[in-house]
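K.L.:
return a 3D structure for these sequence lines:
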Amino acid sequence: MPHDESNLSLSSLSRRQFAAIGAATLAAAHSLHGAAQAAEAAAGSPLKPGITLLFQGDSITDAGRSREAAAEANSQPALGNGYAWLVASQLLIDRPGDGIKIFNRGISGNKVPDLAGRWQAECVDLKPEVLSILIGVNDIWRTFDSGAKGTAEEYEEGYHALIKQTKEALPSATLVICEPFVLRCGAVKDDWFPKFDGYRAAAKRVAEQAGAIFVPFQTMFDEASKIAPPDRWAGDGVHPSADGAALMAHTWRRVIDGGGV
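P.N.:
Numbers count the residues shown, from 1 in each chain. Predicted coordinates:
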């Protein structure tokens, strides 16, 4: 965007702008500006001219992307309809001449072992300079809705192994590990807690031990839920609405760019 929305007040928006952006989303972005600046971020943006940026994860990243168009860099159908596409569209509009190539390889339903099973072909072979991963909600969700076995410790162990493989194959890549998140509505019940907090903590430890950038999505949504009800951001508690995806994209850019867009 040509201006910094985080510095706008609601009173400065025209009615048309207000309707397009959404009051709650704008307010949440404004309130999170300071938190994003203080988050664990790289010194200077890793989003350099000519890089390949790859998004990996589950349905939150997948967001209905086209498998047929998957090989096309910067293609909206290939990038889906979620936060990955919103990050890409903002980045490509801001820097149209930088030759950045952006891909999405998220697959709905994936857990850490599923990523590991397809990692060579759908990550390493693409040779991304920046790799962003959001994984974890299915690792716990399937233990509730389908009786799958799994613990936060197993999630962490598998995640560590995946990152170790990645660093060996792509030693110069910048790794971005996104915090798995849920909102207290829809499919997310009280019995998810405190178990889910263990998965969040595990993801952060993986990021810290790998020297990766950590994007605090749960913290972001906790703050946003003080401004509007949780179902505004994710109706089923897991899959972001358009407002939720917009807030994720805003925060992802803030953190990866070191606090400034």
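K.L.:
residues of the host helix or strand of Gln165 that come out buried?
P.N.:
Secondary structure from DSSP states H and E places Gln165 in helix 152-169. Residues of helix 152-169 classed as buried by neighbour count (16 or more other CB atoms under 10 Å): Ala152, Tyr155, Glu156, Gly158, Tyr159, His160, Leu162, Ile163, Thr166. In short, each C-beta sits where N, CA and C put it, glycine included.
K.L.:
ok, for the third one, nearest residue in space, not its chain neighbours?
P.N.:
The spatially closest residue to Glu156, leaving aside those adjacent along the chain, is Ala202, at 3.7 Å (CB to CB, 6 or more residues apart in numbering).
K.L.:
what about that neighbour, how many neighbours?
P.N.:
The tally of other residues near Ala202 (other CB atoms under 10 Å) stands at 23.
K.L.:
helix, strand or coil: sort out it for me.
P.N.:
Three-state assignment for Ala202 (DSSP: H, G, I helix; E, B strand; the rest coil): helix.
K.L.:
OK, contacts around it?
P.N.:
Gly136, Ala152, Glu153, Tyr155, Glu156, Tyr159 (CB atoms under 8 Å, 6 or more residues apart in numbering).
K.L.:
can you tell me which of the buried residues of helix 152-169 is nearest Arg254?
P.N.:
Ile163 (23.1 Å; CB to CB).
K.L.:
for that closest one, which non-adjacent residue is closest in space?
P.N.:
Leaving aside its sequence neighbours, Ile163 sits nearest to Ala210 (CB to CB, 6+ apart; 4.8 Å).
K.L.:
His160 contacts Ala212, correct?
P.N.:
No. Using CB atoms under 8 Å, His160 is not in contact with Ala212; the gap is 11.6 Å.
K.L.:
quick check: neighbours shared by those two?
P.N.:
Shared contacts of His160 and Ala212 (CB under 8 Å, 6+ apart): Val206.
K.L.:
lowest-scoring secondary structure element of this structure by mean pLDDT?
P.N.:
Scoring the helices and strands of the chain by mean pLDDT, DSSP states H and E places helix 15-21 at the bottom, with a mean of 42.
K.L.:
turn the contacts of Ala202 into CSV, including pLDDT and distance to Trp233.
P.N.:
Listed next are the contacts of Ala202 as CSV, based on pLDDT from 0 to 100; distance: CB to CB, whole Å:
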residue, pLDDT, distance to Trp233
Gly136, 96, 17
Ala152, 94, 24
Glu153, 96, 29
Tyr155, 96, 24
Glu156, 97, 26
Tyr159, 98, 25
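K.L.:
ok, back up a step: do you know how far the residue nearest to Ile163 is from Tyr159?
P.N.:
9 Å (CB to CB, to the nearest Å).
K.L.:
just Asn104 next, same as before
P.N.:
Applying CB to CB to Asn104 and Tyr159 gives a distance of 20 Å.
K.L.:
over to Asn74?
P.N.:
Taking CB to CB as the measure, Asn74 falls 28 Å from Tyr159.
K.L.:
also Lys226?
P.N.:
From Lys226 over to Tyr159 (counting by CB to CB), the distance is 30 Å.
K.L.:
could you do Cys123 as well?
P.N.:
Where Tyr159 is concerned, Cys123 sits at a distance of 14 Å (CB to CB).
K.L.:
list the buried residues of stretch 197-204.
P.N.:
Neighbour counts over stretch 197-204 (16+ other CB under 10 Å) mark Gly198, Tyr199, Arg200, Ala202, Ala203, Lys204 as buried.
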